[in-house]
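Q: I'll drop the sequence and a predicted model, then ask my questions.
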Amino acid sequence: DTEVTQTPKHLVMGMTNKKSLKCEQHMGHRAMYWYKQKAKKPPELMFVYSYEKLSINESVPSRFSPECPNSSLLNLHLHALQPEDSALYLCASSQEGSYNSPLHFGNGTRLTVT
Amino acid sequence: GNSVTQMEGPVTLSEEAFLTINCTYTATGYPSLFWYVQYPGEGLQLLLKATKADDKGSNKGFEATYRKETTSFHLEKGSVQVSDSAVYFCALLSGAGSYQLTFGKGTKLSVIP
């Protein structure tokens, strides 16, 4: 069982919709991440929050908007997406940003943009 | 910069065969090394890790040894099962304040009965 919980598991949205992805962890981790994974590719980093502050934004388009309401929760707000944004979106957490703190991933939200 | 190179797949093995998936890396400093596994339709699970040279990570019959002299972290299992069919990613973390996992491209393993 994964200790990082993501909802929903599947999401289909039109290009004019607004939706949100949610992620929760109760391991006391202080770093949380959003990754995007296309089929047959490794995950690509989108955002990193450290101690509830955005510390890394990998030049992600503004139609993706992250939010970290508290140390256990991470949201990704979606608006005006394109079909090429269809992918598996993975949330992860780690104890801290150090070289020996492995990331723990959720099972992801499979997003389809129509 | 950091990089991870792992053998291209797909790899198809018969049940109970020996598995090796090669992984080599380039990094500044002294990285930590990881193997993640992704089963169909799921997220990534940490399979094993090693944080310094000569460390051996092991889990569920899988092993990998951190070899600094050859900058390698090859994944091995003595007898694979059908349930091991998945995509395996080698990855590294390097440096203090490091949040960025560097992944290899992934190797798809299929085990047939």
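A: Nice, thanks for sending it over.

Q: low-confidence ranges, the chain, go.
A: The chain I'm using is chain A. Chain A contains residues with pLDDT under 70 at A:1-2, A:97-99.

Q: the intended chain is chain B.
A: Looking at chain B by pLDDT under 70, you get B:95-98.

Q: closest residue of it to chain A?
A: Ranking the residues of chain B by distance to chain A (C-beta to the nearest C-beta) places B:Phe103 first, at 3.7 Å. No exception for glycine: its C-beta is placed from N, CA and C like everyone else's.

Q: please name the residues that touch the residue lying closest to that residue once chain neighbours are set aside.
A: Once flanking residues are discounted, B:Phe103 sits nearest to A:Pro42: 3.7 Å by C-beta to C-beta, 6 or more residues apart in numbering or on different chains. Contacts for A:Pro42 (C-beta atoms under 8 Å, 6 or more residues apart in numbering or on different chains) come out as B:89, B:103-106.

Q: residues near the nearest residue to A:Leu81 once chain neighbours are set aside, how many?
A: Residue nearest to A:Leu81 in three dimensions, not counting chain neighbours: A:Val113, with 4.6 Å by C-beta to C-beta, 6+ apart. Using other C-beta atoms under 10 Å in any protein chain shown, the number of residues around A:Val113 comes to 19.

Q: list phi and psi for A:Val113.
A: Phi and psi for A:Val113, reported as degrees, to the nearest 10, are phi -110, psi 120.

Q: do I have it right that it meets A:His79?
A: No: look at A:Val113 against A:His79 with C-beta atoms under 8 Å: they stay out of range, at 11.3 Å.
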